[in-house]
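K.L.:
give me a model of this one.
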Amino acid sequence: MVKGIGLPPGQRRVEGFPRFGTHLSRPAPPVPPAPVIAVRGAVTAEVDLPLERLWELPRKEITADFHCVAGWSATGLHWEGVPFETFYRALIEPIQLPGASITRLTLRGLDGWQAVVTIEDVLGDDVLIAQNLNGQPLDSDHGAPVRLVSPSQYGYINIKHLCRIDVLTAAPATTEGPLIRSHPRGRVWEEERHALVPGRLVRPIYRSLIGPIRFLSSRGTRDALRRS
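P.N.:
As a prediction, this is how the structure comes out:
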């Protein structure tokens, strides 16, 4: 298989772009009246960046596939937002602690999900803080008001409802047990699904969970509709 051609190893195309995740049996979090991205960690001052600061930066559009670690892929999605590297260089790098060697960022969402990403990965040229999907503002199911889009990494890295970034000089201690420990980089073409087990070996296990997780995720959406 040629890297970048077709689907990554072990992936299967699905119709549409489902809301999916073990934590998504709950409705999506409400969007705050004045959303911000909080910046914490190895910085000279803690700041809360209003999203309006992002939209002052150059924007970019990409068409890319989205790959879930469970084995499904949504293809041909059109994203628009600010390149993460542009955002980082303009708004985070100037407030880093002098002399600090930044190796990773922890990205957190309003839904409580978080991911640790290496600087090398998150500054890739196809990584966005996305505001729009297929020409429309993100809805609650897909990460409103903004989310990370990193097409070369599995979905668990692509944090929805992005609200906080912690700047790190070392890898934090993992909180996941060995059975469910996600790969720290999650690169789709290397099939980095699990931290301890080769990706091809966990494929059938993860794939068997797609049905139950989709059901739970759709229940969260239905609950939100009943409350609206």
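K.L.:
roughly how far does the residue positioned nearest the centre of the chain sit from residue 138?
P.N.:
What sits nearest the mean C-alpha location of the chain, by Cα atoms, centre = their mean, is residue 158, with 1.1 Å. Separation of residue 158 from residue 138 (Cβ to Cβ, to the nearest Å): 12 Å. C-betas here are computed from N, CA, C, even on glycine.
K.L.:
common neighbours of those two, please.
P.N.:
residue 147 (Cβ atoms under 8 Å, 6 or more residues apart in numbering).
K.L.:
for stretch 159-179, what is the average pLDDT?
P.N.:
Taken as a whole, stretch 159-179 has a mean pLDDT of 92.
K.L.:
residue 175 should be in a helix, yeah?
P.N.:
No: the assignment for residue 175 (DSSP: H, G, I helix; E, B strand; the rest coil) gives coil, which keeps it out of a helix.
K.L.:
which element is residue 120 on?
P.N.:
helix 119-122 (DSSP states H and E).
K.L.:
on that earlier part again, the residue nearest to the centre of the chain and residue 142 touch, don't they?
P.N.:
No: Residue 158 lies out of contact with residue 142 (Cβ atoms under 8 Å); the separation is 10.1 Å.
K.L.:
from residue 68, how far out is the residue nearest to the centre of the chain?
P.N.:
10 Å.
K.L.:
quick revisit: contacting residues around the helix holding residue 120?
P.N.:
Against helix 119-122 from outside (Cβ under 8 Å, 6+ apart): 84, 88, 102-105, 107, 127, 148, 150, 152-153, 157, 185, 187.
K.L.:
following it, which helix or strand shows up next?
P.N.:
strand 128-133.
K.L.:
mind saving the C-alpha coords of that following strand as CSV?
P.N.:
The C-alpha coordinates for strand 128-133 follow below in CSV (Å, rounded to 0.1, in the frame of the first residue of the first chain):
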residue,chain,number,x,y,z
LEU,A,128,-6.1,22.9,11.5
ILE,A,129,-8.2,24.5,14.2
ALA,A,130,-11.3,24.1,12.2
GLN,A,131,-14.5,26.3,12.3
ASN,A,132,-16.3,25.0,9.3
LEU,A,133,-17.1,21.6,7.8
